[in-house]
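Q: Output the structure for:
(one chain, ligands or ions: 1)
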Amino acid sequence: MIDIGIRLDEQVGRINPNIYGHFIEHLGGVVYDGIWVGEDAGIPHINGFRQELAEKLKAIKPPVIRWPGGCFAETYNWRDGIGLRERRPVTVNWWYMKDGKLESNHVGTHEFIEFCRLVDAEPYFAVNATTTTVLEARNWIEYCNMPQGTTTLALEREKNGSAEPFNVKYWGLGNENWGGGGCMTPEDYCHIYRKYGIISKSVGPELQFIACGPYEGIPEWTEKFFYKYKEMYTVGRVAPMYGYSLHYYVTNTGQMGTELEYTDAQWYEMMRVGMDMEPFIQSQFEMLQAALPGADVGLIVDEWGVWHQLHGRHPLPGRYLFEQPSTMREAVLAALSLNIFNNQCDKVVMANIAQLVNCIHSLFLAKGDACVATTSYYVFDMFQAHQEAVCLKTEIGGQPITYSLDGMTYDMPGISCSASLKDGNLAITLANIALDEDQPVKLSLYGGEYEGEGSMVVLASSNPRDGNSFEEPYKVTPSEQLLWAVGQELTVTIPKASVVLLKLPVA
Ligand code: AHR
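A: This next block holds a predicted model:
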């Protein structure tokens, strides 16, 4: 039996809906064939956007979408993606060496904004901070945000089809500047970041700037960056900072088996590495606060997910670059990651799973007229209940799971959980990490009582290695049943390797 205590009397904070954000990069089949099929496509589309994907995405309330990269952003010239589509330049894509693809630029600023409007999401632009100038970044902001009939760039936007400004709020200044974004030192990058302060004083006093932080392998980047930032901050001329970006991939180079075949120990290894995101977030936040005590800067995990890097950086025949199938393993990993973001919502203000379609930890696989929602899509659907809710403190008891791999023995909790409250309704999400058995879970409420009829939604399959594919698109989907609870205790049994959502009224 696993005991979980839920404290109605201890709130962690408001869950920013942007924690349920997405990421679209011009890479492999994400943009072309993923979201964009073109206006002449013989399959259902809305102004060139894949209709089935747009409708399914809208249904899970995507709050924010990051674009155009990733690494691609660091060689992107926004000017290539405006004006008449057929006259746009064909350019080299950062990723072209890997999949032999050139960039048509048919999806540019106007198209991306249209996609965001179609699915009701805020745009989050990643600015090239490496191979272009601060002036070009300023011009892009001006083009997007200046009111109708003001500057020459606002008039150009109008000529290109949008008199109304796009009002893009989130601007990431650079991407992975320690790697694909210029191989910089934290000090070099900080110097560049400082220059963007000039933009904030002209076109964007209300913009939300996001600085590039580390990935899980170089946590020390943060101390060095903020040491420099702080030095500059005292001078008062550095760009303000709404968010600080972290990347956290659960990278599988073989130690976690293959995408579809893995031992039990390899399953647990993936879960353990996934859970390590929590101490990474905590330590990054501590470094930030140590440098800037009390600063109102949120963490933004704008790339995360399971990345099977088993074949180097080359696509497999019939697949797009970094396209990978998903099973219940990715679903449970997605759920435990989202539980971490909820539980750290006093630190994390946005997160963007990598990537939306046909790439890494996707919510969709799409090719031609086929569009499949993966197991992780259904996790996002279930977790909608947490958006804008108040996260409650939870305490997990019970036996840890022990497993051995390559001569090492590890312990970790057998379950992951988060709980939130909105309008008198409690939402509890559980990820059952245990592979071999269903688990009875006792959920004790402190500071209130369960108040009657609710529901329980379960995403599971008799074989945890199952997932959705082009051949079997609906193999794993959630099922819902009614649930009744009064008083302070509720015991439910949740299937092995499952994701569960409980919704209950409380008072
Ligand atoms: O998501 C794929 C790539 O992973 C991104 O372009 C880059 O930022 C990261 O290394």
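
Q: The ligand contacts on the stretch 301-450 of the chain?
A: Neighbours of the ligand within the stretch 301-450 of the chain, by C-beta under 6 Å from any ligand atom: 303, 354-355, 360. Backbone N, C-alpha and C define where each C-beta goes, glycine included.

Q: neighbours of the residue of the stretch 351-500 of the chain found nearest the ligand, just the number please.
A: Using C-beta to the nearest ligand atom, A354 is the residue of the stretch 351-500 of the chain that sits closest to the ligand, at 4.3 Å. Neighbour count for A354, taken as other C-beta atoms under 10 Å: 27.

Q: what do you get for A265?
A: 16.

Q: List only those of the residues of the stretch 301-450 of the chain next to the ligand flagged as buried.
A: 303, 354-355, 360 (16 or more other C-beta atoms under 10 Å).

Q: can you redo the residues of the stretch 301-450 of the chain next to the ligand as CSV with secondary structure, pLDDT and distance to C116?
A: What follows is these, written out as CSV (DSSP: H, G, I helix; E, B strand; the rest coil; pLDDT from 0 to 100; distance: C-beta to C-beta, whole Å):
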residue, secondary structure, pLDDT, distance to C116
E303, strand, 98, 19
A354, coil, 98, 18
Q355, coil, 97, 15
I360, coil, 97, 21
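
Q: wait, L53 sits on C371?
A: Yes - using C-beta atoms under 8 Å, L53 is in contact with C371, at 5.3 Å.

Q: any common contacting residues for the two?
A: Counting by C-beta atoms under 8 Å, 6 or more residues apart in numbering, the common neighbours of L53 and C371 are F364.

Q: ok, so of the residues of the stretch 301-450 of the chain next to the ligand, who is nearest T251?
A: Distance to T251, by C-beta to C-beta, is smallest for I360 among these, at 10.2 Å.

Q: Check this protein for the residue nearest the ligand and tell me.
A: Closest point on the chain to the ligand, by C-beta to the nearest ligand atom, is G70, at 2.6 Å.

Q: Whether stretch 24-34 contacts the ligand - can you check?
A: Yes - against the ligand, stretch 24-34 shows contacts by C-beta under 6 Å from any ligand atom at E25.

Q: Revised request: answer the last question for stretch 56-66.
A: No - Stretch 56-66 is not in contact with the ligand by C-beta under 6 Å from any ligand atom; minimum separation 9.9 Å.

Q: circling back to that earlier point, would you mind putting the buried ones among the residues of the stretch 301-450 of the chain next to the ligand into JSON lines with distance to D3 alongside?
A: As requested, these are exported to JSON lines (distance: C-beta to C-beta, whole Å):
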{"residue": "E303", "distance to D3": "35"}
{"residue": "A354", "distance to D3": "34"}
{"residue": "Q355", "distance to D3": "37"}
{"residue": "I360", "distance to D3": "35"}
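
Q: And what about A334, helix, strand or coil?
A: Look at A334: counting by DSSP: H, G, I helix; E, B strand; the rest coil, its state is helix.

Q: Around it, how many other residues sit close by?
A: Using other C-beta under 10 Å, the number of residues around A334 comes to 28.

Q: okay but it is in contact with I353, surely?
A: Yes - here A334 lies in contact with I353, judged by C-beta under 8 Å, at a distance of 7.1 Å.

Q: Alongside the ligand, which residues does the stretch 51-200 of the chain contribute?
A: 69-71, 175-176, 180.

Q: I figured V12 hits C345, correct?
A: Yes - under the criterion of C-beta under 8 Å, V12 makes contact with C345 at 5.9 Å.

Q: Looking at the two, which one has more neighbours?
A: Neighbour count, other C-beta under 10 Å: between V12 and C345, C345 has more, with 23 against 20.

Q: residues in contact with the more buried one?
A: 12-16, 19, 391.

Q: which outside residues touch stretch 394-408?
A: So stretch 394-408 is contacted by 1-7, 255, 264-266, 268-269, 343, 409-415, 417-419, 433-434 (C-beta under 8 Å, 6+ apart).

Q: Using PyMOL, make a named selection holding only the buried ones among the residues you listed.
A: In PyMOL, a selection of the buried entries from the contacts of stretch 394-408 looks like this (16+ other C-beta under 10 Å):
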select buried, resi 2+4+5+6+7+265+266+268+269+343+412+413+414+415+417+418+419+433+434
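
Q: Filter the contacts of stretch 394-408 down to the ones in helices?
A: 264-266, 268-269, 343 (DSSP state H).

Q: Make CSV out of the residues you listed and add pLDDT.
A: Below are those laid out as CSV (pLDDT from 0 to 100):
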residue, pLDDT
D264, 95
A265, 96
Q266, 97
Y268, 97
E269, 97
N343, 98
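
Q: neighbouring strands for the longest strand along the chain, and are they parallel or not?
A: Taking DSSP state E as the criterion, the chain has its longest strand at strand 2-14. Paired neighbours of strand 2-14 in the sheet (DSSP bridges): strand 390-397 (antiparallel), strand 439-446 (parallel).

Q: Could you give the average pLDDT over it?
A: Taken as a whole, strand 2-14 carries a mean pLDDT of 97.

Q: The helix or strand that comes right after it near the ligand anywhere?
A: Toward the C-terminus, strand 2-14 is succeeded by strand 21-23 as the next helix or strand (DSSP states H and E). No - using C-beta under 6 Å from any ligand atom, strand 21-23 stays clear of the ligand, coming no nearer than 7.1 Å.

Q: how far does strand 21-23 sit from the chain's center?
A: Computed by C-alpha atoms, centre = their mean, to the nearest Å, the chain-centroid distance of strand 21-23 equals 4 Å.

Q: before we move on, what about stretch 51-58?
A: 17 Å.

Q: can you give me the end-to-end distance of stretch 170-182?
A: In stretch 170-182, first residue to last residue: 22 Å (C-alpha to C-alpha, to the nearest Å).

Q: and if you look at stretch 409-418?
A: First-to-last residue span, stretch 409-418, C-alpha to C-alpha: 27 Å.

Q: Going forward, the N-terminal residue is numbered 24.
A: From this message on, residue numbering opens at 24, which makes the last subject stretch 432-441.

Q: State the mean pLDDT of it.
A: For stretch 432-441, mean pLDDT is 96.
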